[in-house]
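Asks: Build me a structure from this.
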Amino acid sequence: SVSLINSSFADFTSLPSEIEVLSSYYNSNDYGYVSSVKDQKDGGNCWAFSGIATLETCLSKATGVSYDFSEENAKNLMAAYSVYGMKLETNYAGYESMILSYLTSWIGPIDESNEDYDDYSSISVLQNPMFHIQNVKFLPARADSSDNYMYKMAIRDNGAVSVTFKWGNDYHSVSLVGWDDNYRGYDSLGNSSNGAWIFKNSWGEDWYDNGYFYMSYEKEFKNAYTFIFNEDRGYSDIYQYDFSGVTGYRNLPSANTVYSKNKFISSSNDILTAVSTFFYDPTNYSVSVYLNGNLITTQEGYTQAGYYTFPLDKEIQLAKGDEFVVEFKCFGNNGYRLPVCMANVINKVTFSDETSFYSTDGVHWTDLYESSTPSVACIKAFTRSQKLNEISIKLEDDMSFFMTQNLVASGRHSCKIALALLWCIGLICG
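Replies: Next up is the predicted model:
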């Protein structure tokens with residue numbers, strides 16, 4: 001729990017009603033928000049470095065406090081030799097969703113002093129996270145080289161944006177910390193530039209301009225996200241099956257209304273306080289909570305794409321052994337993409353049948369575990385108790401997850417990896 005001096009808990013329920021005129025130049029590093037440049041060395045771990053760098057900058061802007069989190073803990077716990085990770089060899093590239101899973105599942109972050117980076121190591125242990133990351137905003141792909149307003153606003157308001165782009169034959173993830181509309185000539189990649197982004201890289205301070213470089217507005221990038229924060233609400237426990245992350249989005253092209261729900265069993269006498277899920281697109285939604293078969297509360301709203309936690313309008317007292325169900329109803333345009341965690345790409349499956357379901361009418365339900373690839377909907381629940389200093393991660397014996405991107409494999413020495421995943425459209429990065 002820290003005080004926010006710059007509230008980056010932006011209104012993710014709507015777009016700005018008026019377009020603000022932005023300056024031609026901005027750099028978060030000029031204000032001291034950006035942490036030191038790191039070096040991923042031979043490890044294909046840019047996905048972890050970019051996410052951690054973006055989080056450090058966003059937190060520094062929001063709190064006025066500098067942080068240095070461990071990329072080592074993140075890259076080891078989300079890969080091959082961890083029960084929380086995916087079936088990907090450690091240090092040989094990864095998905096952007098892996099760092100988001102690490103954070104939103106309360107696996108991390110931890111301080112760098114607790115675990116220094118080693119580009120050849122593969123084993124880490126679970127430690128208590130320093131923060132609970134509850135909201136991640138996804139930015140849409142740009143229509144063209146002049147479609148930069150939302151990205152500039154996110155950088156200025158939040159501090160940084162993580163992006164992934166094609167570099168040679170590989171993909172690489174970096175942290176975008178500023179822009180310069182007046183940049184002319186060639187960018188750091190050799191592209192002609194009429195304005196450029198300012199990026200923080202993870203190849204050490206001796207690379208290019210003290211670890212920073214320019215990228216032309218003409219360059220395409222994707223899978224952009226930033227972090228937004230609110231004051232601590234005292235969540236003490238998390239109920240989840242998708243602790244390994246969103247491994248994909250189940251495409252339902254003919255359904256404009258999709259329901260999804262997860263069943264949980266209360267492990268103690270707690271107060272159910274909030275719920276969360278991922279949204280591939282801006283979405284109108286409603287969320288309902290059932291306790292032992294009875295509808296207790298329903299609320300509705302609109303949200304931008306991303307991962308968001310919704311405090312319940314009506315908190316619910318849980319007794320040990322109670323069954324509670326969190327059900328989302330989402331309204332899409334031209335179909336809907338349901339965030340899921342798939343059993344075939346994770347190291348430990350913690351879900352089974354009769355746990356997670358989806359429906360297109362709210363009446364006839366399909367068990368996600370019984371699908372061609374056993375899966376679970378990415379829905380979490382949060383409780384608070386009298387013992388707010390106790391933090392635990394509840395891994396339900398019925399579910400799991402991952403997201404959408406491309407494998408990024410461009411470390412200091414490029415790694416080339418091919419991986420095909422059902423329902424996954426992402427970039428594997430290193």
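Asks: biggest strand in the chain by residues?
Replies: Criterion DSSP state E: the longest strand present in the chain is strand 170-186.
Asks: Check the burial of residue 21 by counting its neighbours.
Replies: Under the neighbour criterion other Cβ atoms under 10 Å, residue 21 is assigned a count of 5. All C-beta atoms are positioned from the backbone trio N, CA, C, and that covers glycine.
Asks: Please apply the same query to residue 165.
Replies: Residue 165: 21 surrounding residues under other Cβ under 10 Å.
Asks: just residue 185 next, same as before
Replies: Residue 185 is flanked by 10 other residues according to other Cβ under 10 Å.
Asks: mind checking pLDDT for it?
Replies: Looking at residue 185, its pLDDT stands at 89.
Asks: Could you pull up the contacting residues of it?
Replies: The neighbours of residue 185, taking Cβ atoms under 8 Å, 6 or more residues apart in numbering as the test, are 192, 193.
Asks: Thought residue 109 was touching residue 131, still the case?
Replies: Yes. Using Cβ atoms under 8 Å, residue 131 is in contact with residue 109, at 6.4 Å.
Asks: Looking only at neighbour counts, state which of these two leads.
Replies: Each of residue 131 and residue 109 has its neighbours counted (other Cβ under 10 Å); residue 109 has more, 26 against 20.
Asks: tell me the secondary structure for residue 103?
Replies: At residue 103 the chain is in helix, as set by DSSP: H, G, I helix; E, B strand; the rest coil.
Asks: Number of residues surrounding it?
Replies: Look at residue 103: counted by other Cβ under 10 Å, it has 25 neighbours.
Asks: got it, and the one 5 residues further on?
Replies: When neighbours are counted by other Cβ under 10 Å, residue 108 registers 30.
Asks: In contact with the residue most central in space within the chain, which residues are there?
Replies: Closest to where the C-alpha atoms of the chain average out (Cα atoms, centre = their mean) is residue 100, at 3.1 Å. When contacts are counted by Cβ under 8 Å, 6+ apart, residue 100 touches 51, 136, 225, 245, 246, 307, 403.
Asks: what about 6 Å?
Replies: Residues near residue 100 by Cβ atoms under 6 Å, 6 or more residues apart in numbering: residue 136.
Asks: Would you map the strands across the stretch 301-430 of the chain?
Replies: 306-317, 323-331, 336-342, 356-359, 366-367, 375-377, 379-384, 392-395, 406-408, 427-429 (DSSP state E, counting those that start in this stretch).
Asks: Could you dump those into a markdown table and include mean pLDDT?
Replies: Listed next are those as a markdown table, based on pLDDT from 0 to 100:
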| stretch | mean pLDDT |
| --- | --- |
| strand 306-317 | 96 |
| strand 323-331 | 97 |
| strand 336-342 | 95 |
| strand 356-359 | 98 |
| strand 366-367 | 97 |
| strand 375-377 | 97 |
| strand 379-384 | 97 |
| strand 392-395 | 49 |
| strand 406-408 | 51 |
| strand 427-429 | 58 |
